[in-house]
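Peer 1: After the sequence you'll find the predicted model.
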Amino acid sequence: MIVPYSHVLILAGLLFLLGAVCALARRNLIMILIGVEVMLNAAGLALIGASLKWRQLEGQIFVIFIMAVAAAEVAVGLALIVYSQRRTGTLNADRYNLLKG
Amino acid sequence: MTFYAAIFYLLGLVTVAATVMAITRTNLVHAVVYLVVSFFGTALLFYLLGAPFVAILEVIIYAGAIMVLFLFIIMMLRPEEPREKGRAALRQWLPALVLAGITLAGMILLIAAASGSAAPLAAAMASPLEFGRALYERHWFAVEVASFLLFVALVGALYLGRREAGAEMTPPKEQP
């Protein structure tokens, strides 16, 4: 017997919130992207737990697609970060204030 | 508490601690290395929860490919981290932490109130063979869509990362 599913959900929620705090509070574009990665990973943990609880393989299959989406998101996100670093010379999200009056 | 439960709580503690260390580092390389530890912990949790193949993929894709890509970009760009101390750092972190605390409290209340979630999970294991059969027999179209998504991401990354022909390398402009 492993732990109850509610404990898995609480752990996944804790990891998700840590990722959300990282994406909200950090000002570096790379750290914001890392926060999104942590959030996707936490969602995968909840799905794996659900897959075990209901004895359906669909949860694990969905985690594979989450990984594919995360890889695509990181590739495009890091390319965008390199592009904006070339355009503006900074990675600080607070510096992107060109439209500020 | 059974043996499996003890391992679960230990791994959960390691994962959460490594993630907390990762999101609070000012040095980006340190953050990425802590995140690798966090992903290893998650991979072991996946194994414990009956998904050995997904655990291996977690190590290969997340801890391997994605984090190495992050390290490569960090070392290529060498970004300077804005140093904020005292009031400014507090003003930045406080709203996020308050929102996260409220969300966590609501989530724990909701999970505790849900019926039937207190029964412990029985240990089970999905072999890679069953997993592959389920994936390719029932969800082959989604696999095709995911591969197309990866192709589009590749094209997008190449398009964004190219340099215009004849454009000279200009030093980055300093913003006020």
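Peer 2: Thanks, I have it. Here the structure is a predicted model, which means the values were calculated and not measured. Numbers count the residues shown, from 1 in each chain, chains lettered A, B, ... in the order given.
Peer 1: Give the buried residues for the lengthiest helix in chain B.
Peer 2: Longest helix of chain B, by residue count under DSSP state H: helix B:87-113. For helix B:87-113, a neighbour-count test (16 or more other C-beta atoms under 10 Å in any protein chain shown) marks B:Gln92, B:Trp93, B:Ala96, B:Ala100, B:Leu104, B:Met107, B:Ile111 as buried. Glycine gets a C-beta too; all of them are placed from N, C-alpha and C.
Peer 1: repeat for stretch B:41-61
Peer 2: Quick answer for stretch B:41-61 (16+ other C-beta under 10 Å): B:41-55, B:57-59, B:61.
Peer 1: Same question for stretch B:59-70.
Peer 2: Counting neighbours by 16+ other C-beta under 10 Å, stretch B:59-70 gives B:Val59, B:Ile61, B:Tyr62, B:Ala63, B:Ile66, B:Met67, B:Leu69, B:Phe70 as buried.
Peer 1: pLDDT value on the first one, please?
Peer 2: For B:Val59, the model assigns a pLDDT of 94.
Peer 1: isn't it right next to B:Gly41, touching?
Peer 2: No - the criterion here is C-beta atoms under 8 Å, and B:Val59 misses it with B:Gly41 at 10.9 Å.
Peer 1: Quick check: pLDDT value at the residue in chain A that chain B sits nearest to.
Peer 2: Closest to chain B within chain A is A:Gly89: 2.7 Å, counting by C-beta to the nearest C-beta. Per-residue pLDDT puts A:Gly89 at 82.
Peer 1: show me where pLDDT drops low in the chain?
Peer 2: No chain in the question, so chain A it is. Applying pLDDT under 70 to chain A flags residues A:1.
Peer 1: nope, chain B
Peer 2: B:81-86, B:115-117, B:164-176.
Peer 1: before we move on, the earlier item: the buried residues of helix B:87-113: which ones sit near chain A?
Peer 2: Subset of those in contact with chain A: B:Gln92, B:Trp93, B:Ala96, B:Ala100, B:Leu104, B:Met107, B:Ile111, counting by C-beta under 8 Å from any C-beta of the partner chain.
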